[in-house]
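Participant: coords please:
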Amino acid sequence: MGIRFDFTHQLAVLAKQVEEAGIAVESLPSQDDLLMLTETNQLSRYPMNDLAPRDAVTKKRAQSAIQTARQVESFIRNILEETNE
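Facilitator: The predicted model follows:
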């Protein structure tokens with residue numbers, strides 16, 4: 001589509017850029033959910049203080065992050081399908 005996006009893992013920032021590019025974002029998770037997913041990604045990958053990554057994310061939070069990630073994936077797949085038609 002010729003759109004340039006910032007090089008970032010911040011999903012809320014990318015969602016805003018998608019919307020500014022004229023793509024409807026209603027089917028994306030909420031900004032709060034996108035922020036939570038980004039934060040969970042960081043917590044689960046990098047040690048924080050004396051807390052190991054595996055101990056930084058609860059099961060409930062992990063399940064919520066997975067659900068949000070699936071919604072983001074579905075959104076992206078739909079856009080890719082539309083542009084390939």
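Participant: what's the longest helix in this protein?
Facilitator: For the chain, the helix with the greatest residue count under DSSP state H is helix 59-83.
Participant: And for it, what's in contact with it?
Facilitator: 1, 11, 23, 25, 27-29, 33-34, 36-37, 40-41, 44, 57 (C-beta atoms under 8 Å, 6 or more residues apart in numbering). (Glycine included, C-beta is placed from N, CA and C.)
Participant: Go again with 10 Å.
Facilitator: 1, 11, 14-15, 18, 23-30, 32-41, 43-44, 57-58 (C-beta atoms under 10 Å, 6 or more residues apart in numbering).
Participant: Enumerate the positions of it that are buried.
Facilitator: Neighbour-count burial for helix 59-83, counted by 16 or more other C-beta atoms under 10 Å, picks out 61, 64-65, 68-69, 71-72, 75.
Participant: Please pull out the lowest mean pLDDT helix or strand from the protein.
Facilitator: In the chain, no helix or strand scores lower on mean pLDDT, DSSP states H and E than helix 53-56, which sits at a mean of 80.
Participant: now the chain, which segments are flagged as low pLDDT?
Facilitator: 1 (pLDDT under 70).
Participant: now with 90?
Facilitator: Along the chain, segments meeting pLDDT under 90 span 1-5, 41-58, 79-80, 82-85.
Participant: quick revisit: packing partners of the least confident helix or strand of the chain?
Facilitator: Applying 3 or more C-beta pairs under 10 Å, 6 or more residues apart in numbering; DSSP states H and E, we find helix 53-56 packed against helix 31-45.
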